[in-house]
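Novice: Next one to model:
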Amino acid sequence: MKRPSFLEGVGVALITALIGGLCFALLPALFGLAWTQHALIAGLGLGYLVYLLWRSAQRSGRLVVFLAWLTITGVAWLVSVDPLSLMAVQLGMIWLTRSLYHQPGPLAALLDLGLNLLAGLAGLAAFLHTESAALGIWSFFLVQALFVAIPAARRAERHNQGTQETTAGVDRFQVAYRSAEIALRKLAARH
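Specialist: Residues are numbered from 1 along each chain as shown. From the prediction side, this is the model:
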């Protein structure tokens with residue numbers, strides 16, 4: 001599967017801003033502001049998590065990630081009164097999911113953590129400055145869209161493409177296995 005692009009991330013930011021802004025305008029009258037904030041933060045976190053899992057080429061562990069999100073978010077919702085702590089939990093789950101499914105190593109994961117913190121601050125600043133949930137959500141997910149520009153991830157992707165082209169469809173394990181067999185035969189022939 002092809003890696004997500006920045007423009008795709010902008011589209012995700014636009015869709016989430018429209019849905020989130022509309023929900024933030026309509027739901028407080030029905031359910032109250034506190035419940036709406038918690039539901040919106042958790043719902044957008046789940047939506048983005050599903051998007052990240054859907055766009056990942058790796059298929060294993062998805063159910064575990066979803067169950068972990070469900071458990072951690074459920075506990076945070078019950079324990080926390082403050083929407084900022086629930087937002088911090090969602091930031092952590094987004095970072096963990098992207099680190100596991102989209103980043104090739106620890107350096108890329110650390111850069112992704114910095115990007116997540118920056119996105120959280122940008123979304124919070126936009127919301128506090130404009131008092132618009134849609135602009136806060138837009139700012140948050142627009143910064144999140146930059147995760148595709150993390151240099152370590154791009155280098156690893158280029159390296160993987162180069163390796164795939166040089167092996168020309170030959171399984172690397174089979175090549176290594178044959179090389180090991182040849183080396184063992186040479187060692188046995190010397191003795």
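Novice: Geometric centre of the chain: which residue is closest?
Specialist: With distances taken as C-alpha atoms, centre = their mean, Arg98 lies nearest the centre of the chain, 3.1 Å away.
Novice: how close does that residue sit to Glu131?
Specialist: Using C-beta to C-beta, to the nearest Å, we find Arg98 at a distance of 29 Å from Glu131. Bear in mind the C-beta positions are built from the backbone N, C-alpha and C, glycine included.
Novice: what do you get for Trp35?
Specialist: Following C-beta to C-beta, the distance that separates Trp35 from Glu131 is 19 Å.
Novice: Then Leu117?
Specialist: Taken as C-beta to C-beta, the span from Leu117 to Glu131 is 23 Å.
Novice: Could you check which of the two has the larger neighbour count?
Specialist: Taking neighbours as other C-beta atoms under 10 Å, Leu117 and Glu131 compare with Leu117 leading, 14 against 9.
Novice: residues in contact with the more buried one?
Specialist: By C-beta atoms under 8 Å, 6 or more residues apart in numbering, Leu117 lies in contact with Leu91.
Novice: One more: Phe24?
Specialist: 36, 40, 133-134.
Novice: if you skip the residues just before and after it, what's nearest to Ala76?
Specialist: Distance criterion C-beta to C-beta, 6 or more residues apart in numbering; nearest residue to Ala76, sequence neighbours excluded, is Val89 at 4.4 Å.
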